[in-house]
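Novice: Predicted model follows, preceded by the sequence.
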Amino acid sequence: MTNIPTDLLRTFVTIKDLGGFTSAGELLGRSQPAISLQVKKLEEILGTKIFLRGSSLELTEDGEYLYRAARQMLEINDQIIAKVRGDNISGKVRLGIPNDFELAFLAKALRNLSRVYPNIIVEVECEISKVILQRYQKGHYDIALAMERAKENEERDSRDYRLESLEWVFKEGHQTSCDDEPIPLIAYPQGCVYRSIMEEALQAQQHPYRFMYTSTSLLGIFSAVEEGLGITAMASSVIPDHLRHAVSTATLPALERVCIGLYYKEPELNIASRHVLDFLRSGIANL
């Protein structure tokens, strides 16, 4: 009977979650060559290729199956270790996060966290990113996730941020305004990055616009779009499948990219916060 070492499975899953051999090595404390050797050994044990080598790390059909099975196996492994060892890690972690990204991945990330560390409590507060960052600076959160304009050079850990395309979102069949008619916009309140980028793009094109609906609720914004009140802009990974979206159209300009990133003070993180951080990193990588 052939057995698959769990360390090989964990390396494989981490590569997929973080999108690269180097990022996986940084998280697991191994060099890039060591990570590559582990993948090679895993492929030799299984007698198949699990990654399509090329410009991106896409999985083969066998790799997709292995990824789903490996995640389940590792979750069971971690639950057993935590239970039998008596590693009752507990604590409360305060997290600030934008509404749209709370819906996009947070529930899944916290569900996975609770399976392994059921005694870690995460207190979540949702706001627009500007408010989240202000409160983070005042010490309201242990970890904050915030949306900002993309920078040319990001100097922080690659696991702590993700660059996203910003796209126009509208109802099926919605007709954008003619050149002399104001474009009806739906947006978060003043201070929202989405709102600022929309305004600046339309101003640069000298296209008139007006705000038809403003809300702090993501569901409220989506409902307004669904009712045809106007259009909005969102990061590509959080747009619902039933709504149309486009980088640009004949009357709508292209929008700049945004960055969704984690903020935390490394020396102040306790063991519970570090575990939450790891699961948030995985969630961002899987968006």
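Specialist: Yes, it's here.
Novice: Output stretch 270-287 as PDB, restricted to C-alpha atoms.
Specialist: Written as PDB, here are the backbone C-alpha positions of stretch 270-287 (Å, rounded to 0.1, in the frame of the first residue of the first chain):
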ATOM      1  CA  ASN A 270      -0.600  36.800  19.400                       C
ATOM      2  CA  ILE A 271      -0.800  33.200  18.500                       C
ATOM      3  CA  ALA A 272      -4.600  33.400  17.700                       C
ATOM      4  CA  SER A 273      -4.000  36.500  15.500                       C
ATOM      5  CA  ARG A 274      -1.200  34.700  13.600                       C
ATOM      6  CA  HIS A 275      -3.500  31.800  12.800                       C
ATOM      7  CA  VAL A 276      -6.300  34.100  11.600                       C
ATOM      8  CA  LEU A 277      -3.700  35.900   9.400                       C
ATOM      9  CA  ASP A 278      -2.700  32.700   7.800                       C
ATOM     10  CA  PHE A 279      -6.300  31.800   6.900                       C
ATOM     11  CA  LEU A 280      -6.900  35.300   5.600                       C
ATOM     12  CA  ARG A 281      -3.900  35.100   3.400                       C
ATOM     13  CA  SER A 282      -5.200  31.800   2.000                       C
ATOM     14  CA  GLY A 283      -8.600  33.400   1.400                       C
ATOM     15  CA  ILE A 284      -7.100  36.300  -0.600                       C
ATOM     16  CA  ALA A 285      -5.000  34.000  -2.700                       C
ATOM     17  CA  ASN A 286      -8.100  31.900  -3.600                       C
ATOM     18  CA  LEU A 287     -10.300  34.900  -4.600                       C
END
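Novice: which other residues reach it?
Specialist: 17-19, 23, 27, 89-93, 95, 104-106, 108-110, 112-113, 116-117, 120, 122, 142-143, 145, 159-162, 237, 260, 262, 264, 269 (Cβ atoms under 8 Å, 6 or more residues apart in numbering). Yep, even glycine has a C-beta here, placed from its N, CA and C like the rest.
Novice: Which members of those residues are positioned in helices?
Specialist: 17-18, 23, 27, 108-110, 112-113, 116 (DSSP state H).
Novice: Which of the contacts of stretch 270-287 are buried? Put it as a PyMOL command.
Specialist: To isolate the buried members of the contacts of stretch 270-287 in PyMOL, using 16 or more other Cβ atoms under 10 Å:
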select buried, resi 17+18+19+23+27+91+93+95+104+105+106+109+110+112+113+116+117+120+122+142+143+145+159+160+161+162+237+260+262+264+269
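Novice: ok, and for stretch 265-281, which residues are buried?
Specialist: Under 16+ other Cβ under 10 Å, the buried positions of stretch 265-281 are 269, 272-273, 275-277, 279-281.
Novice: Distance from the chain centre to that stretch, please.
Specialist: 16 Å (Cα atoms, centre = their mean, to the nearest Å).
Novice: same deal with stretch 254-264?
Specialist: On Cα atoms, centre = their mean, the centre of stretch 254-264 falls 10 Å from the chain's centre.
Novice: contact partners of it?
Specialist: The contact list for stretch 254-264 (Cβ under 8 Å, 6+ apart) reads 98, 101, 133, 136, 142-151, 154, 156, 160-168, 193-194, 197-198, 201, 233, 235, 247-248, 273, 277, 280-281, 284, 287.
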